[in-house]
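Asks: Here is a sequence together with a model predicted from it:
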Amino acid sequence: MIPKDQIEKLQNSVDIVDVIGERIDLKRSGSNYKARCPFHDEKTPSFMVSQTKQIYKCFGCGVSGDSINFVMSYDNLSYPDAIRHLAARYGVEIVEEYSGRSVDKSHDDRKELFRILNKYACDFFHENLLKEINAGTSEVAEYLKKRKMGIDLVKKFRLGFAPDNWNMLKLDNRFSDQTEDILIEAGLRKKNEKGNVYDQFRNRLMFPIFDTIGNVAAFSGRSLRDEVQPKYLNSPETAVYKKNEILYGLFQAMETIRKTREIILVEGNIDIITMHKFGFTSTVAICGTAFTENHARLIKRNCDKITILLDGDEAGKKSALKTAEILAEVGMVPGVVILPGASDPDSYLYSTGKEAMEKLLSCPLNIIDLVIQLHGGNKTTANEKAYLAKELIASISRIKDPVLLDVYSKEASEKSGVDLSIIKKEISNRSPDRSKKAKLSAETTLYCINPEDPVEFTVIYIMLTDESSRIKFISLLTADDFKNAEASKMFSSIYELYEEGEDIKLANILVDFDQKFKDFMIGFVFELEEAFFSVRNGEKDISPEKFEKAFGDSMKKIKLRNLGQKMNKLREELKYSDSSESQDEILKKMAALKTVQGELINGKN
């Protein structure tokens with residue numbers, strides 16, 4: 001524990017204006033300081049900081065406290081961790097008392113132990129990389145040369161190298177006194193089904209992932225050869241690492257972000273390092289998972305302007321739109337830059353240079369323009385404009401900020417040609433209040449499925465049960481192929497666990513779902529267990545042929561369903577099409593789809 005006198009010593013040594021002013025923009029207001037509250041959405045500042053009393057209070061949402069409380073809330077730290085961070089930041093020595101208990105028995109102390117172990121691992125990997133670089137001829141050194149990452153970037157991001165050895169990390173003296181269970185729980189070692197324990201990362205370029213205050217929370221390891229999968233192997237979630245609460249590179253970018261209040265968001269580890277190399281030092285990256293509302297709120301706490309810079313391929317554009325929608329939902333005004341062709345930030349900078357990137361970043365698209373671009377540009381006929389308006393409404397309907405929603409609604413009306421009152425009426429019909437009422441109504445009943453849902457849950461069951469089918473499904477499907485939200489989420493969870501080399505267990509995946517769905521899914525699994533397995537001599541007998549047939553049948557049903565949806569979309573487009581040339585093109589596409597459908601039905605595809 002941290003004694004009271006040590007806490008008082010810290011509080012007497014720090015200035016709350018410095019602590020809060022490092023994180024948000026404070027402005028003098030009489031004898032106090034004022035800002036927009038970082039803990040709730042507001043336009044008029046109501047967050048007050050008293051330098052004389054060393055306290056803060058928001059008169060909008062009611063939060064209040066001292067420097068330690070603020071750091072706890074803003075940096076998502078426990079009380080002891082907030083004290084330790086402030087003490088380290090301001091050079092205040094504090095003495096902790098442990099009352100004879102071992103360091104790993106409390107939750108806070110275990111988190112601190114994991115941070116220490118991650119720091120040791122980071123040093124271990126970094127030292128190994130420096131040795132490899134000095135040797136000059138190793139595979140990892142050649143990879144760095146190919147990616148044009150010099151020693152300055154290696155040191156800035158504390159890049160490392162995990163040797164191609166099953167036990168090299170464990171044999172290092174820094175870990176010799178730790179049990180295997182602790183190292184496994186910390187995500188540094190792994191146990192397979194046979195009980196063998198080995199280093200989590202081997203023969204990989206290591207990217208340490210820091211939290212906002214500079215602790216090493218986790219690692220991302222990049223294979224040195226593209227044929228070695230997964231390409232990126234990420235740490236499992238631990239007591240100090242939650243994927244949806246961390247952005248890669250945010251710690252390294254914070255100095256610039258505090259000055260500019262701007263963030264550039266990219267998608268890859270290499271992209272962010274290249275962006276920093278070319279001077280774009282406010283760049284951060286999504287870290288081994290889909291962009292979430294938690295990420296959006298983390299960005300909102302730290303900046304006023306956000307620019308999304310993702311790959312120029314079709315997947316990058318769709319990802320950019322989803323990311324922009326989530327950012328807008330929490331009240332930010334995202335700008336989106338789509339790179340030309342299939343470029344990513346790394347390749348674009350090396351092929352065109354810094355000035356070309358600066359020019360692109362200076363002219364970002366907003367959500368409205370992005371939706372229009374994704375659907376082929378401005379529409380001319382009335383029917384095309386109506387179709388576009390529906391897509392625009394879908395993208396802005398979740399926005400809660402009334403000012404932002406009003407601005408986007410007016411622009412959607414202007415660019416689609418649909419009356420503003422109709423736009424607002426449609427948005428109102430999709431409002432969160434309606435969704436909440438529907439959700440409350442649903443919570444009083446059992447989990448309900450649509451007629452097409454069983455095939456999706458059958459796919460999930462097969463992926464959970466049969467490794468061969470799992471790999472094939474992962475290579476052929478994406479989360480977007482699942483229309484049921486829970487099935488799509490389960491597919492994403494299985495995919496992430498597979499990418500990370502983690503065990504794929506139903507119980508672990510269901511933790512993130514409500515009880516109603518858990519009850520349904522467990523019952524569904526039991527039903528399929530009886531269908532796929534027979535029992536001989538008291539043991540389950542696996543039938544590979546059944547899984548092979550189920551794989552084929554499931555893929556066929558999903559393909560036919562997706563083709564049917566494409567056909568329906570073309571029929572909808574045909575209704576809105578006014579030109580004979582456009583109608584002919586749509587009819588050709590429909591004929592081609594019918595041919596594929598026939599082949600699938602007859603077993604030729």
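Replies: Sure, I can see it.
Asks: for the residue lying closest to K243 once chain neighbours are set aside, helix, strand, or coil?
Replies: Distances taken as CB to CB, 6 or more residues apart in numbering put T289 closest to K243, at 4.2 Å, once the chain neighbours are dropped. Yep, even glycine has a C-beta here, placed from its N, CA and C like the rest. Under DSSP: H, G, I helix; E, B strand; the rest coil, the three-state class of T289 is coil.
Asks: pLDDT below threshold where in the stretch 251-400 of the chain?
Replies: 380 (pLDDT under 70).
Asks: where exactly do the strands run in it?
Replies: Using DSSP state E, counting those that start in this stretch, the strands of the stretch 251-400 of the chain run over residues 262-266, 283-285, 305-310, 335-338.
Asks: all strands in the stretch 401-550 of the chain, in order from the N-terminus.
Replies: With strands called from DSSP E, counting those that start in this stretch, the stretch 401-550 of the chain shows them at 533-536, 539-542.
Asks: isn't I133 right up against G150?
Replies: No. Using CB atoms under 8 Å, I133 is not in contact with G150, being 9.6 Å away.
Asks: looking at it, the residue nearest to K243 is touching K242, isn't it?
Replies: No. In this structure T289 lies outside contact range of K242 using CB under 8 Å: 9.8 Å.
Asks: low-scoring pLDDT stretches of this protein, where are they?
Replies: By pLDDT under 70, the low-scoring segments of the chain are 98-108, 380, 431-446, 507-508, 511, 526, 530, 533-543, 603-605.
Asks: For the closest residue in space to Y447 that isn't next to it in sequence, give its distance to S488.
Replies: With sequence-adjacent residues excluded and distances taken as CB to CB, 6+ apart, Y447 is closest to F520, at 4.0 Å. Separation of F520 from S488 (CB to CB, to the nearest Å) stands at 15 Å.
Asks: Over to A320?
Replies: Taking CB to CB, one finds A320 at 19 Å from S488.
Asks: When those two are compared, which one has more neighbours?
Replies: A320 (27 against 17; other CB atoms under 10 Å).
Asks: wait, isn't the more buried one in contact with L310?
Replies: Yes. Using CB under 8 Å, A320 is in contact with L310, at 4.6 Å.
Asks: Neighbours of the nearest residue to E245 once chain neighbours are set aside, how many?
Replies: Among residues not flanking E245 along the chain, N294 sits closest, at 5.5 Å (CB to CB, 6+ apart). Other residues within reach of N294 by the criterion other CB under 10 Å amount to 16.
Asks: and what of S67?
Replies: 24.
Asks: all strands of the stretch 101-250 of the chain, in order?
Replies: 160-162, 189-191, 197-199, 204-210, 216-223, 232-234.
Asks: any chance you could map the helices in the stretch 1-150 of the chain?
Replies: Counting by DSSP state H, counting those that start in this stretch, the stretch 1-150 of the chain has these helices, from start to end: 4-13, 16-21, 67-75, 79-89, 107-135, 139-146.
Asks: just how off-centre is the fifth one within its chain?
Replies: Distance of helix 107-135 from its chain centroid, counting by CA atoms, centre = their mean, to the nearest Å, is 24 Å.
Asks: buried set for that helix?
Replies: Buried positions in helix 107-135, judged by neighbour count with 16 or more other CB atoms under 10 Å: 108-126, 128-130, 132-133.
Asks: residues contacting K43?
Replies: Applying CB atoms under 8 Å, 6 or more residues apart in numbering to K43 gives the contacts 36, 403.
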